[in-house]
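> how does the following fold in three dimensions:
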Amino acid sequence: LKATTFTTVWSDGTRVYAGALGEVFCLDAATGHVLWHNSLKGLGRGIVAFPGGGVEAAAALAAAQAAAAAGA
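Coordinates of the predicted model:
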């Protein structure tokens, strides 16, 4: 049985927050370096939801940065 992961992403412009399997990561938007990580112990392994409306834009930004890093 292969597990799949649904990742949610949100950005405030300087940081990118990503949540998957009940964990949250905060990355520097310019460098992609992980600033901190929280395993959210005791809250399960479900989908992490972020408030606000910029999820689609943050996901597009993260994809663009990943593509640029892969091409570098």
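
> low-confidence ranges in this protein?
1-4, 44, 52-58, 72 (pLDDT under 70).

> shouldn't residue 36 be within a strand?
Yes. If the criterion is DSSP: H, G, I helix; E, B strand; the rest coil, then residue 36 is within a strand.

> is it in a bridge, and if so with what?
Beta-bridge partners for residue 36, by DSSP bridges, are residue 26.

> what about residue 20, how many residues nearby?
Per other CB atoms under 10 Å, the neighbour tally for residue 20 reads 15. Where you see a C-beta, it was placed from the backbone N, CA and C, and this is true even at glycine.

> list the contacts of the residue lying closest to it once chain neighbours are set aside.
Excluding its sequence neighbours, the residue lying closest to residue 20 (CB to CB, 6 or more residues apart in numbering) is residue 7, at 4.3 Å. Neighbouring residues of residue 7 by CB atoms under 8 Å, 6 or more residues apart in numbering: 18-20.

> before we move on, what about residue 71?
No contacts exist for residue 71 under CB under 8 Å, 6+ apart.

> find the helix or strand that the spatially most central residue of the chain is a member of.
With distances taken as CA atoms, centre = their mean, residue 18 lies nearest the centre of the chain, 1.7 Å away. Element membership of residue 18, judged by DSSP states H and E, is strand 15-20.

> next one: that strand to chain centre, how far?
Centre-to-centre, strand 15-20 and its host chain are 3 Å apart (CA atoms, centre = their mean, to the nearest Å).

> ok, how many other residues are close to residue 17?
19.

> wait, it sits on residue 29?
No. Residue 17 lies out of contact with residue 29 (CB atoms under 8 Å); the separation is 10.0 Å.

> between the two, what contacts are shared?
By CB under 8 Å, 6+ apart, the residues touching both residue 17 and residue 29 are residue 11.

> my read is that residue 28 contacts residue 13, right?
No. Using CB under 8 Å, residue 28 is not in contact with residue 13; the gap is 11.4 Å.

> all the strands of this structure, in order from the start?
With DSSP state E, the ranges of strands along the chain come out as 8-11, 15-20, 23-28, 34-38.

> tell me the most buried of these?
Neighbour counts (mean count of other CB atoms under 10 Å) averaged over each of those peak at strand 8-11, with a mean of 20.
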